[in-house]
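Undergrad: coordinates for the following, if possible.
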Amino acid sequence: MREAGGRPGAEVEDQTNDYLARELTARVPAAGADPGGLVHALAYVPRAAAAGRVRAPLVVCCHGLGESGLRVAPVAQRLAAAGAVTIAPHFRGGGAPTAGPTTAMTIGTEHADLEAVLGMARTWPFIDAARTALFGRSQGGLVAMLAAANHPAQIAALALWYPALAAPGAVRRRFGRLAAVPETFTSRVDGRDIILGRDFAHDLWDRDVEAAMRGYRSPVLLVHGDADADVPLAVSQAAARTLPDARLERIPGAGHGFGDANYEMAVGWTVDFLAWAGILDD
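TA: Take a look at the predicted model:
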């Protein structure tokens, strides 16, 4: 069952888990060229929080380009088992059936979706809003970074896996000038071709991600494979030098996406980091 606003909707998870799984929607207001609409999401609520016995931290998990919240749901579930209320939005223009066309998606629309989800979740009575963190992989890492920089007092920590923080520069190098950006173009990620619209490039063109990183002073975890062909390790190495409080964990031989042992290592680092940062209980 989906529920727009308020508390998450009906339980869809079996009784063997430490958390309840929900589906929900949040309303995104229209702003500028963005018509707004609804962002759908998966939410995982620890049973103690759902029963009102504790106030739990909040972690919103942001997926990458052309994906849906299902891509980061396993991470959200692990963090929920560790005691956090977690949400995995299906960003508009992503890979979910409800998301709409990828050509309508920009970093700005994904940022607006994240803001809508955060605003809704922070009103839930079982949330300890002072312990709010963001997780992001690939493009979701860029979106999470920009949202945290916009609200540095509200986002207490970031955990980013191979974040696409150099995307503005990559778009400028590809097209050279704004007038050269076609109506649609293709971006290849994880072996998939994603069709993007001109607005995507225009939105990215003048974004100053380095300034955003310099202004965010809370702790950041960066996890990156040194064989990543889509987002090179050098992107996270540069971010670790720019961010005031960052830790970079490198996985030898890992590409853009972690599987098996590499995934378990990355999840373990993420859980340990969020506990160290005061988001999760020790």
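Undergrad: how long is stretch 48-63 end to end?
TA: 27 Å (Cα to Cα, to the nearest Å).
Undergrad: identify each buried residue in that stretch, please.
TA: 49-50, 55-63 (16 or more other Cβ atoms under 10 Å). The C-beta positions use only the backbone N, C-alpha and C, and glycine is treated the same way.
Undergrad: farthest-apart pair in those, please.
TA: 55 and 63 (26.7 Å; Cβ to Cβ).
Undergrad: for the stretch 1-150 of the chain, which segments count as helices?
TA: Applying DSSP state H, counting those that start in this stretch to the stretch 1-150 of the chain gives helices spanning 47-50, 73-81, 107-121, 139-150.
Undergrad: Throw those helices into TSV and include distance to residue 248 and mean pLDDT, thanks.
TA: TSV is the format used below for the helices of the stretch 1-150 of the chain (distance: least, Cβ to Cβ, whole Å; pLDDT from 0 to 100):
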stretch	distance to residue 248	mean pLDDT
helix 47-50	32	95
helix 73-81	18	97
helix 107-121	23	97
helix 139-150	13	98
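Undergrad: Throw those helices into JSON lines and include distance to residue 36, thanks.
TA: Formatted as JSON lines, those follow (distance: least, Cβ to Cβ, whole Å):
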{"stretch": "helix 47-50", "distance to residue 36": "29"}
{"stretch": "helix 73-81", "distance to residue 36": "25"}
{"stretch": "helix 107-121", "distance to residue 36": "8"}
{"stretch": "helix 139-150", "distance to residue 36": "17"}
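Undergrad: now, of those helices, which is deepest in the fold?
TA: helix 139-150 (a mean of 25; mean count of other Cβ atoms under 10 Å).
Undergrad: C-terminal to that helix, what's the next element?
TA: The helix or strand immediately downstream of helix 139-150 is strand 157-161, counting by DSSP states H and E.
Undergrad: buried set for the helix or strand that comes right after that following strand?
TA: Of the helices and strands lying after strand 157-161 in sequence (DSSP H and E), the nearest is helix 167-175. Neighbour-count burial for helix 167-175, counted by 16+ other Cβ under 10 Å, picks out 167-168, 171, 175.
Undergrad: which one of the buried residues of stretch 48-63 is nearest to residue 134?
TA: Nearest to residue 134 among the buried residues of stretch 48-63 is residue 60, at 5.5 Å by Cβ to Cβ.
Undergrad: surely the closest one is in contact with residue 85?
TA: No. With contacts counted by Cβ atoms under 8 Å, residue 60 stays clear of residue 85, the gap being 9.4 Å.
Undergrad: could you tell me which residues touch both of these two?
TA: residue 121 (Cβ atoms under 8 Å, 6 or more residues apart in numbering).
Undergrad: need the buried residues of helix 167-175 in JSON lines (columns: distance to residue 38 and pLDDT).
TA: Below are the buried residues of helix 167-175 laid out as JSON lines (distance: Cβ to Cβ, whole Å; pLDDT from 0 to 100):
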{"residue": "167", "distance to residue 38": "26", "pLDDT": "97"}
{"residue": "168", "distance to residue 38": "28", "pLDDT": "98"}
{"residue": "171", "distance to residue 38": "28", "pLDDT": "97"}
{"residue": "175", "distance to residue 38": "32", "pLDDT": "97"}
